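Peer 1: how does the following fold in three dimensions:
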Amino acid sequence: MMGDVIDWTLTERIAGMLAGEPEPQRGTPRPRLGEVAAESERLVAAYAGLQAPAPLPEPELLTRPEWVRANLRSLRPTLEPLADRLGEGLGPATPIVRAAGGALLAAELGVVIGYLSRRVLGQYELVILDPEAPSRLLFVGPNLDEAGAAFGADEDELLTWVALHEVTHALQFAGVPWLRDHLAGLLRELLASLEVSIDPSRLLRVPSREDLRSLVDAVAQGGLVELVTTPAQRETLDRVQATMAVLEGYAEHVMDEVGAELLPSLPRLRAAMDRRRASASAPARLLQRLLGLELKMRQYQLGKAFCDGVVEREGVEALNRVWEAPGMIPTLAELEDPDSWLARTRVPSVTKSGA
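Peer 2: Numbering: from 1, shown residues only. Have a look, this model is predicted:
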């Protein structure tokens, strides 16, 4: 059996180096985490109408290294099939390119994971391409502490606000039967058609311990491994982007609407979070960085603006049409024009004709 192309041990070493040691928590461990998650599920379900047919995963409070390991485990089934195509068609040079390219992919991934491990507050972790893998509801304790101090926020209010967002994601995937398979299909289609391209002049030998710092610096300055896309792949890519924007925008809308009645400091939390964020979710940022996608923050802002606009016009019931079928997901153009999406998806009134 062919071994892993990506050096996952190297990835974890680089990520750990960037993550740093977790800072001590400001107070006691969060004994209310389970209670907060359960109350968030009740409130989100009441507002959005999303229901889980089975219990959601129990919330877990993680350190940064634990979060790194969780995400590396979930990324393997997505990235290894792509890495397997490194060096295809190069004849005798294939093993060399695979070894060097695998090290570069490992470095790229390690930098991204390490950076995110210092910023992610919460995550609904779902291994999209492995339906047998259990979902997890994760919260990163040191980052919640640091964000609370930076925001000047009440610890319980920040935890509740983050929980509302992540529980919304959990209810999206648990309560919409087709959603996981739809997104998995799009990702498989995209990954199967991408071509891995490596500039031979930038190939490095498999790095030793002494190489790690220079390798991290090189990756941080720009991607070393690129994926070649064709115009024909843009449609699939646009659908992936639109789906991600809806998922995140919906969660952003719900966390603010539900939080408005719970959290006195919500306006300050929202302003501080918007300043902090480089992206709306860990999975989206990882795909952006590793696949070379231009999933910028504007798209997530666009997703929230779309959801806010639909609810303002016709209520959350109208917005929930996005969960009726894959064809109800707005296009990128419709995200900028909620009225056009409403017109396309509105059920025509039924009129009776007289006999």
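Peer 1: residue 271 belongs to a helix?
Peer 2: Yes - with DSSP: H, G, I helix; E, B strand; the rest coil as the criterion, residue 271 is assigned to a helix.
Peer 1: from residue 19, how far out is it?
Peer 2: 27 Å (C-beta to C-beta, to the nearest Å). Just so you know, the C-beta spots here come from the backbone N, C-alpha and C atoms, and that holds for glycine as well.
Peer 1: over to residue 106?
Peer 2: Distance of residue 106 to residue 19, given as C-beta to C-beta: 16 Å.
Peer 1: what does residue 51 give?
Peer 2: For residue 51 relative to residue 19 (C-beta to C-beta), the value is 36 Å.
Peer 1: residue 186 now?
Peer 2: In terms of C-beta to C-beta, residue 186 sits 30 Å off from residue 19.
Peer 1: more neighbours: those two, which one.
Peer 2: Comparing residue 186 with residue 19 by other C-beta atoms under 10 Å, the one with more neighbours is residue 19, at 23 against 20.
Peer 1: phi, psi of the closest residue to residue 125 other than its chain neighbours?
Peer 2: In this structure, residue 125 finds its nearest non-sequential neighbour in residue 136, 4.4 Å apart by C-beta to C-beta, 6 or more residues apart in numbering. Torsion angles at residue 136 (phi, psi; degrees, to the nearest 10) stand at phi -140, psi 150.
Peer 1: next: residue 144.
Peer 2: Note on residue 144: its backbone torsions stand at phi -60, psi -40 [degrees, to the nearest 10].
Peer 1: if I pick the closest residue to it other than its chain neighbours, what's in contact with it?
Peer 2: Nearest non-adjacent residue to residue 144, counting by C-beta to C-beta, 6+ apart: residue 121, 5.6 Å away. Applying C-beta atoms under 8 Å, 6 or more residues apart in numbering, we find residue 121 in contact with 139-140, 143-144, 147, 158, 162.
Peer 1: re the thing from before, can you pull the contacts of the residue nearest to residue 125?
Peer 2: 57, 60, 70, 124-125.
Peer 1: dump those into CSV; add secondary structure, neighbour count and pLDDT as well.
Peer 2: Compiled in CSV, the contacts of residue 136 are given as follows (DSSP: H, G, I helix; E, B strand; the rest coil; neighbours: other C-beta atoms under 10 Å; pLDDT from 0 to 100):
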residue, secondary structure, neighbour count, pLDDT
57, coil, 17, 96
60, strand, 16, 95
70, helix, 16, 92
124, strand, 25, 96
125, strand, 23, 94
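Peer 1: okay if I get those residues as CSV plus distance to residue 34?
Peer 2: CSV is the format used below for the contacts of residue 136 (distance: C-beta to C-beta, whole Å):
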residue, distance to residue 34
57, 11
60, 10
70, 18
124, 16
125, 17
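Peer 1: how close does residue 174 sit to residue 116?
Peer 2: When residue 174 is compared with residue 116 (using C-beta to C-beta), they lie 24 Å apart.
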